[in-house]
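Q: The following comprises the amino acid sequence and a computationally predicted model.
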Amino acid sequence: MTGEVKPVLYGMRARVLRPWPVVQRDTSRMLSGNPEVREVFVVGDGVPRSHPVRPEMPLVLLHEVVEGHVVARPADRCPAGRHGFMASGAYVVHSSCYDEWTAFFGHSLPIPLHDYTERRRDA
């Protein structure tokens, strides 16, 4: 019997910075509202492939909102019946890959995390 070989995904590890304490799950914030999510992996085109992604860690993709302004969004689709993704007040910032982060972004500042969703009125 041959096992299915899953491709190894690589990306940059990042911490989730929240300006509020997360005590219980807030479903309107996919990542920043989950107290179990402390780190994510930034993946996608052009992102340095510096670390293998751990299977249990959430993924975020970079999205250029306007030229030169990048935000991070969950790699998962927005849940059914919800609008998204919008600014949540949280950020992602380098975690154990400072050199790759600064080389890629040109700075060491946090990147806004757009993981907030709202319930659709028509749903």
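A: Thanks, I have the structure now.

Q: Pick out the residue nearest the middle of this structure.
A: With distances taken as CA atoms, centre = their mean, V60 lies nearest the centre of the chain, 3.0 Å away.

Q: What distance do you get for that residue to G11?
A: 9 Å (CB to CB, to the nearest Å). (C-beta placed from N, C-alpha, C; glycine too.)

Q: end to end, how far does stretch 92-105 reach?
A: 12 Å (CA to CA, to the nearest Å).

Q: Stretch 74-94 now?
A: Stretch 74-94 has an end-to-end distance of 16 Å (criterion: CA to CA).

Q: So which bits of it are buried?
A: Using 16 or more other CB atoms under 10 Å as the test for burial, stretch 74-94 gives P74, A75, R82, G84, F85, S88, A90, Y91, V92, H94.

Q: Which members of those are the farthest-apart pair?
A: R82 and H94 (29.4 Å; CB to CB).

Q: for the residue nearest to the centre of the chain, what are its contacts?
A: By CB atoms under 8 Å, 6 or more residues apart in numbering, the contact list for V60 reads A14, L31, V40, F41, V42, V43, A72, R73, P74, A75, V92, L113.

Q: do the same with L9
A: With contact set as CB under 8 Å, 6+ apart, L9 has these partners: F41, V43, P52, V53, L59.

Q: Run through the chain and note the low-pLDDT ranges.
A: Along the chain, segments meeting pLDDT under 70 span 1-7, 123.

Q: what do you get if the cut-off is 80, keeping everything else the same?
A: Counting by pLDDT under 80, the chain shows low-confidence ranges at 1-8, 96-97, 121-123.

Q: Break down it into its helices, ranges please.
A: Per DSSP state H, the chain carries helices over the ranges 98-105.

Q: Look up how far P74 lies from the residue nearest to the centre of the chain.
A: Applying CB to CB, the value for V60 to P74 is 6 Å.

Q: for V65, same thing?
A: Between V65 and P74 the computed distance is 15 Å (CB to CB).

Q: and what of L62?
A: Distance from L62 to P74, counting by CB to CB: 12 Å.

Q: likewise P21?
A: As judged by CB to CB, P21 and P74 stand 21 Å apart.
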